[in-house]
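> Dropping a prediction and its sequence here:
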Amino acid sequence: ERPAPRDEDPVSYEAEPQTDLEDVFFAFIALNNDLHRIRYRIERIWSHHRNGRLDLASAAVATNTAISMARGLIEDVAPLLDTQEGGAWAIVTRFYLATCLEKGCTLGQAYYAPGIEISLGYDTYEMANECYIVAFKTLLSFTKVLKHGSIPLIKEGMFGKYDPTSDLASMTDREKFQEDEILLMEFFTELITVIRSVPDYPVEDGFLREMKRFDKGKTPVVSFSLVFAAQVFLDINHIMRSSTRQSLQALVDEVAIMDNSLARHLEFHENLKINHWPASNDRVLKVLRHLMKWMGKDPVHSAKVDAWALTGQPAPPEMEPHRILIYSPVLSGLYLFRLRMDMYEIGIAIANAWGSITYAAHLYNALLMNGLLVGQWPDMEVMLTTLVYSSIWVGNERPKTIRDCHQKFCLQMGVSAVSCTNNRRRNTPIASRAGPRGIKEGAPVSSMFKTQVCSGVDMEWTPELLDDIVARSTYQQESMADDEDLIMRQISDPQELRARDRLRQQKAKARAAGQAKATSDLVPDELTIKLALALESESLEIAFPYLAMHRWCWKFLRSVKDACDPVLRELWTPAYMEKETQLPWLVSWILMAAAGIGITPDLRPLHLAARTCNSMVSSESAKLAIEIARRIGKEIGFEE
């Protein structure tokens, strides 16, 4: 039984800290084992991304979170490492030496200490890479050339030329050492430029955050957390090689699509306004476009050009723009994630303000369920699938009969379902207590990272917190973590989702109560891949072109109004619609007529609306959102 103090005993008991070299070395080995597994998972994540199985943003957010978890593990052990002379660096070099001897190297081949260079001619690279020697050594070298307050301009090619097209496996150890040095030294300049000259840079990963801590004091201190972040940077480049440029191009292409969508939206609504979406709200869209254009010009490259100008020399023509994003797919992916989250929020807010998507969905569903359409509307079906738990339908179940369609539409508008029947009592309130219902923002896992990525908040991600976040996913993992094919299944049963959420809450309470079983099974590296898969499952929902869908739904309602107007005037008088901003209410008049609310049931408006919808679903315009999704790497298989 674990000893406990008596109730009357005011003394606080603590375990005696173990500071012997043997104890410290044992703690470091345990830490290194955890970090090695995290590095392996990160490498797998980027291997999946390189092979087209994992989205850039999903890979980046998962990697950044893993680095944060690793930092927590390191900081738990760091005080123990600091008890030794030389701190973490001394322990790392001893561990490197022991690893080399275990692998059959001689002392002459392996020996390395501060001020003594590694003998690059020997086969020690793999051990040095495993033991963080390369990253540690290069960071220590960088501290010697870093001057307070200025950007460390490095002459292009000073350390050699990085060639990502070369085959890493066929390179000698000396060439691998040199390549890592080039990568790190050139990237250090990019990071310091951001820290000292581009304070408004829109995203921050674990590497940049650690470099900010490194650059705070007059004398930079190389922490082991910084070394780990630098090592992960190298690991990713070892996996990605020249594919980092393809990732950047994918980012550039998607940003262009977003910018075009914002521009077309502002143009579409230049003369079409509503009171609850004031012109001031459009400033958010314009600010986002400004950010895209500013990043497109590469503020980091511009800052380096200005720094060169202060020296009286022109910037070297070999100084490539966007190097920071080419070298760091993590920063590229975080930037993409930020833009997607902003576009997602904007798209849902606009769709709710205008009612375009929701009301068009209700009309389309009524036509489809009553057999009036020649086929499905692919864009709408894909969107409804991704937003299955976002309250487009009250109760998240699609209505089938005309009367059900009308009643659910009433509830969606914030009108009492009872008031929309022929049996309504005189004193029955028209307004529903729940009020109008809009599309709820979903993506429960992705939304938990919005504050950190979009606002730069430094979050301390722990295994317990991450497990709680991953458990919120509405998808179920069906493949093993190491499988080549990553398979996730959307949970379609609301009861199963509720059961999962109850289990999540129970585990959270158990952890808060300090129950060991609730945390003992949490493995950081396994949580990392689970997070990547959960984010990937939500990536289509986040990246879906809601602004474009809003415009297409509005145009669809316009066409329906033109087709149904003569009959609706006959049934409800010309006062049924006085201005275009009332267009979403068109659906109410059509469903009321079909359901016979206040009049004899009349299906003419519904059939006229079906003609318009059939004309659309038979054309390529019904798949425009799917085409945009495919252009950003989201392959969607749609079965009629």
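Yep, that arrived.
> okay, CA-based contacts and neighbour counts for the rest of this
Will do.
> For the stretch 251-400 of the chain, give me the ranges with low pLDDT.
Filtered on pLDDT under 70, the stretch 251-400 of the chain yields no residues whatsoever.
> ok, which stretches of it are strands?
Remark: no strands are assigned in the stretch 251-400 of the chain by DSSP state E, counting those that start in this stretch.
> ditto for the chain
Assigned by DSSP state E, the strands in the chain fall at 475-477, 488-490.
> burial count for Ile348?
Counted by other CA atoms under 10 Å, the residues lying close to Ile348 total 18.
> That one against Ile439, yeah?
Yes. Taking contacts as CA atoms under 8 Å, Ile348 lies within contact range of Ile439: 6.7 Å.
> returning to that earlier point: mind putting the strands of the chain in TSV, distance to Val382, mean pLDDT and mean neighbour count included?
Converted to TSV, those look like this (distance: least, CA to CA, whole Å; pLDDT from 0 to 100; neighbours: other CA atoms under 10 Å):
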stretch	distance to Val382	mean pLDDT	mean neighbour count
strand 475-477	16	87	17
strand 488-490	13	84	14
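> For these, give me TSV that also has distance to Pro199.
Below are the strands of the chain laid out as TSV (distance: least, CA to CA, whole Å):
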stretch	distance to Pro199
strand 475-477	38
strand 488-490	39
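> Just to check, Tyr475 is in contact with Ile487?
No. In this structure Tyr475 lies outside contact range of Ile487 using CA under 8 Å: 9.9 Å.
> Leaving out the residues flanking it, which one is nearest to Gly375?
Nearest non-adjacent residue to Gly375, counting by CA to CA, 6 or more residues apart in numbering: Val617, 6.6 Å away.
> quick one: contacts for that neighbour?
By CA atoms under 8 Å, 6 or more residues apart in numbering, Val617 lies in contact with 374-378.
> Could you single out the nearest of the residues you listed to Glu102?
Of all the contacts of Val617, the one with the least separation from Glu102 (CA to CA) is Pro378, at 60.1 Å.
> Got a ChimeraX select line for the buried ones in the contacts of Val617?
To isolate the buried members of these in ChimeraX, using 16 or more other CA atoms under 10 Å:
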select :376,377,378
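> The contacts of Val617 in helices, which ones?
If you go by DSSP state H, those have Pro378 in helices.
> Just want the most central residue of this protein.
Per CA atoms, centre = their mean, the C-alpha nearest to the average position across the chain is that of Phe337, at 4.1 Å.
> That one against Ala57, yeah?
Yes. Assessed by CA under 8 Å, Phe337 is found in contact with Ala57 at 5.1 Å.
> Run a quick neighbour tally on Asp76.
Neighbour tally, Asp76, other CA under 10 Å: 12.
> Same question for Lys144.
Applying other CA under 10 Å, we find 9 other residues in the vicinity of Lys144.
> before we move on, what about Gly637?
Other residues close to Gly637 by other CA under 10 Å number 8.
> do the same with Cys405
By other CA under 10 Å, the residues close to Cys405 number 22.
> That one: what's it in contact with?
Counting by CA under 8 Å, 6+ apart, Cys405 makes contact with 362, 365-366, 399, 591.
> Spit out the contact partners of Glu75.
Counting by CA under 8 Å, 6+ apart, Glu75 touches Ser225.
> Ala229 too?
67, 206-207, 210 are the contacts of Ala229 under CA under 8 Å, 6+ apart.
> Among these, which are located in helices?
Counting by DSSP H, the contacts of Ala229 place 67, 206-207, 210 in helices.
> now the residues you listed in JSON lines, with distance to Asp34?
Formatted as JSON lines, the ones in helices among the contacts of Ala229 follow (distance: CA to CA, whole Å):
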{"residue": "Ile67", "distance to Asp34": "12"}
{"residue": "Gly206", "distance to Asp34": "18"}
{"residue": "Phe207", "distance to Asp34": "19"}
{"residue": "Glu210", "distance to Asp34": "20"}
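> Out of those, which is nearest to Asp282?
For the ones in helices among the contacts of Ala229, the nearest to Asp282 is Gly206 (32.8 Å; CA to CA).
> Please look at Phe224 and Asp76 and confirm they touch.
No. Look at Phe224 against Asp76 with CA under 8 Å: they stay out of range, at 11.7 Å.
> residue ranges for the helices of the stretch 301-450 of the chain, please.
In the stretch 301-450 of the chain, the helices defined using DSSP state H, counting those that start in this stretch lie at 323-327, 329-354, 356-369, 378-386, 402-413, 450-455.
> export the ones you listed to CSV and tack on distance to Trp552?
Below are those laid out as CSV (distance: least, CA to CA, whole Å):
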stretch, distance to Trp552
helix 323-327, 34
helix 329-354, 11
helix 356-369, 9
helix 378-386, 10
helix 402-413, 20
helix 450-455, 28
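> Next one: the residue nearest to His48 when sequence neighbours are not counted from Val470, what distance?
In space, and not counting its chain neighbours, His48 is closest to Leu54: 5.4 Å by CA to CA, 6+ apart. Going from Leu54 to Val470 by CA to CA, to the nearest Å gives 17 Å.
> Any chance of JSON lines for the contacts of Val617, columns distance to Lys137?
Formatted as JSON lines, the contacts of Val617 follow (distance: CA to CA, whole Å):
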{"residue": "Val374", "distance to Lys137": "67"}
{"residue": "Gly375", "distance to Lys137": "64"}
{"residue": "Gln376", "distance to Lys137": "61"}
{"residue": "Trp377", "distance to Lys137": "59"}
{"residue": "Pro378", "distance to Lys137": "55"}
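> Looking at the contacts of Val617, which is nearest Lys155?
The closest of these to Lys155 turns out to be Pro378 (CA to CA; 53.9 Å).
> The closest one contacts Leu624, doesn't it?
No. Pro378 lies out of contact with Leu624 (CA under 8 Å); the separation is 9.0 Å.
> in the stretch 51-200 of the chain, what spans have low per-residue confidence?
For the stretch 51-200 of the chain, the stretches flagged by pLDDT under 70 are 111-122.
> 50 instead?
Along the stretch 51-200 of the chain, the model assigns pLDDT under 50 to residues 115-116, 120-121.
> Where do the helices of it begin and end?
Per DSSP H, counting those that start in this stretch, the stretch 51-200 of the chain carries helices over the ranges 56-81, 87-102, 107-110, 125-130, 133-145, 173-197.
> Give the buried residues for the fifth one.
Going by neighbour count (16+ other CA under 10 Å), the buried part of helix 133-145 is 133-139, 142.
> same check, this time on stretch 32-49
Neighbour counts over stretch 32-49 (16+ other CA under 10 Å) mark 32, 34-35, 38-39, 41-49 as buried.
> Please compute how far it lies from its chain's middle.
18 Å (CA atoms, centre = their mean, to the nearest Å).
> Other residues contacting it?
In contact with stretch 32-49 (CA under 8 Å, 6+ apart) are residues 54-56, 59, 63, 66, 70, 232, 235-236, 239-240, 482, 484, 524-526, 528-529, 532.
> try stretch 380-395
358, 361, 396, 399, 408-409, 411-412, 437-442, 540-541, 544, 626.
> again, only this time at 6 Å
Stretch 380-395 has contacts (CA atoms under 6 Å, 6 or more residues apart in numbering) with 439-440, 442, 541.
> Make a ChimeraX selection of the buried ones in these.
The buried residues among those can be selected in ChimeraX (16+ other CA under 10 Å) with this line:
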select :439,442,541
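> Could I get the CA-only coordinates of stretch 80-91 as CSV?
C-alpha atoms of stretch 80-91 as CSV (Å, rounded to 0.1, in the frame of the first residue of the first chain):
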residue,chain,number,x,y,z
LEU,A,80,17.4,16.4,-13.9
LEU,A,81,19.6,16.8,-16.9
ASP,A,82,20.7,20.3,-15.7
THR,A,83,22.1,18.8,-12.5
GLN,A,84,25.0,17.5,-14.6
GLU,A,85,27.9,19.7,-15.7
GLY,A,86,27.2,20.6,-19.3
GLY,A,87,23.5,19.9,-19.0
ALA,A,88,21.6,18.2,-21.7
TRP,A,89,24.5,18.6,-24.2
ALA,A,90,26.8,16.6,-22.0
ILE,A,91,24.2,13.8,-21.6
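> Done for today, thanks.
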